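Participant: Quick check, what structure comes out for this input:
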Amino acid sequence: MGIFSWFSDEKKKSLDQGLAKTKESVLKKLTRIVAGKSKVDDEVLDNLEEVLISSDVGVQTTLRIIERIEKRVSRDKYFGTEELNKILREEIASLLAENNTADLLELPSTEGGVPYVIMVVGVNGVGKTTTIGKLAYQYREKGQKVVLGAADTFRAAAIEQLEIWAQRADVPLVKQKMGSDPASVAFDTLRSALSQNADVVIIDTAGRLHNKIGLMNELTKIRNVMKKLVPDAPQEVLLVLDGSTGQNAFEQARQFTAATEVTALALTKLDGTAKGGVVIGISDQFKIPVRYIGIGEKIQDLQLFNKTAFVDSLFGEA
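Facilitator: Below you'll find the model as predicted:
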């Protein structure tokens, strides 16, 4: 197992702690809706629907889950909190399994001397720069040579923040002055990475959504410029979303998936919220793999998403 091994006690403990607020909220609500009930009836299911929606699972995904549970209840007649919790855990795990590609047990990489290029997108304030820094650290700890590119030239603070994280992760950063052409920064970054025989390149991009056409054009230009040096770059377009914003994260996902081809998601700040259900809904609705979740402030607190471990941490292990 590598540094991102999900099955170590340390990683599972961190995940449990990071999702503690969501778990406490969900289990309290589940306990309340079955209080005094001898069986899972229509009233319990109606209340369960409210629990899931209030946990930011999302209306469409909630209805899918409720429909699945209704079929099992009508067939098998489950009773009590323990049984409902078990069914809910199983159906959510099944839904996640259907809507995502296989979980990664290790960080993705390329072979043959070509760097693995990750273009990171997302609005300002969602933890984009932090995620880049943590990801760079994890790759470097794995023994990979990493180069960061500060292509968010719209804000001076973005360049400064990424520089701080590059220092923390102990990886080189390619930057230009504020207002420079983002595609030029991306090109210079990739050219520098190739000259250093780097394994991984992570490109930050501007996080503004006020003009979708402008954003689309900018991201397309960055991609096209990088392809001149590495034809299949970027191999991953990572959309970073703030899990604590709940339904706002859904809207951001819609905007960015319309602006560019997003291949993976990172959900941040799950440790500070009871809205962890947003991971379930976004995974289901957008059919884009959730690759990483942020469950704390430490540089190690970015984990590869594992469906089974996630559900177990929310509802308790089977």
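Participant: quick one: low-confidence parts of the protein?
Facilitator: Residues of the chain that meet the criterion pLDDT under 70 lie in 1-8, 77-82, 99-101, 209-212, 316-318.
Participant: Which parts of the stretch 151-300 of the chain are helices?
Facilitator: All helices of the stretch 151-300 of the chain, identified by DSSP state H, counting those that start in this stretch, fall at 156-169, 182-195, 212-227, 247-259, 278-286.
Participant: mind checking which of those helices is nearest D76?
Facilitator: Evaluated over these, closeness to D76 peaks at helix 278-286, with 23.1 Å, by C-beta to C-beta. Heads up, the C-betas are built off the backbone N, CA and C, glycines and all.
Participant: Can you tell me what sits against the closest one?
Facilitator: Under the contact criterion C-beta atoms under 8 Å, 6 or more residues apart in numbering, helix 278-286 has outside partners 56-58, 60-62, 64, 92, 95-96, 99-100, 241, 243, 246-247, 249-250, 253, 257, 262, 265, 267, 270, 288-290, 293, 305, 310.
Participant: go on, stretch 225-239?
Facilitator: 108, 110, 114-122, 131, 183-184, 186-187, 190-191, 194, 201, 203, 223, 252-253, 256-257, 260-266, 288, 291-292.
Participant: Span of that stretch from start to end?
Facilitator: Start-to-end span of stretch 225-239 (C-alpha to C-alpha, to the nearest Å) is 20 Å.
Participant: in that stretch, what's buried?
Facilitator: By neighbour count on 16 or more other C-beta atoms under 10 Å, the buried set for stretch 225-239 is 225-226, 229-230, 233-239.
Participant: now for these, which pair is the farthest apart?
Facilitator: Spatial extent of the buried residues of stretch 225-239 (C-beta to C-beta) is set by the pair L229 and L239 at 23.3 Å.
Participant: how near is T22 to G277?
Facilitator: Counting by C-beta to C-beta, to the nearest Å, the gap from T22 to G277 is 7 Å.
Participant: List the residues that are in contact with both of the two.
Facilitator: Counting by C-beta under 8 Å, 6+ apart, the residues touching both T22 and G277 are S55.
Participant: and these two? which has more neighbours close in?
Facilitator: G277 (26 against 23; other C-beta atoms under 10 Å).
Participant: List the residues that contact that one.
Facilitator: By C-beta under 8 Å, 6+ apart, the neighbours of G277 are 22, 26, 52, 55-58.
Participant: count of residues packed around the residue lying closest to it once chain neighbours are set aside?
Facilitator: Leaving aside its chain neighbours, G277 sits nearest to S55 (3.6 Å; criterion: C-beta to C-beta, 6 or more residues apart in numbering). Other residues lying near S55 total 22 when counted by other C-beta under 10 Å.
Participant: again with the one 4 residues further on
Facilitator: Number of residues near V59 (other C-beta under 10 Å) recorded here: 13.
Participant: didn't it look like it was pressed against I53?
Facilitator: Yes: using C-beta atoms under 8 Å, V59 is in contact with I53, at 6.1 Å.
Participant: for the helix or strand that S14 is a member of, which positions count as buried?
Facilitator: Under the criterion of DSSP states H and E, S14 resides in helix 9-18. Residues of helix 9-18 classed as buried by neighbour count (16+ other C-beta under 10 Å): 11-12, 14-16, 18.
Participant: Any chance of JSON lines for the residues you listed, columns distance to G143?
Facilitator: Output for the buried residues of helix 9-18, formatted as JSON lines (distance: C-beta to C-beta, whole Å):
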{"residue": "K11", "distance to G143": "19"}
{"residue": "K12", "distance to G143": "24"}
{"residue": "S14", "distance to G143": "22"}
{"residue": "L15", "distance to G143": "24"}
{"residue": "D16", "distance to G143": "28"}
{"residue": "G18", "distance to G143": "26"}
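Participant: coming back round to it: list only buried entries from the contacts of stretch 225-239.
Facilitator: Buried residues within the contacts of stretch 225-239, counting neighbours by 16+ other C-beta under 10 Å: 114-122, 131, 183, 186-187, 190, 194, 201, 203, 223, 252-253, 256-257, 260, 262-266, 288, 291-292.
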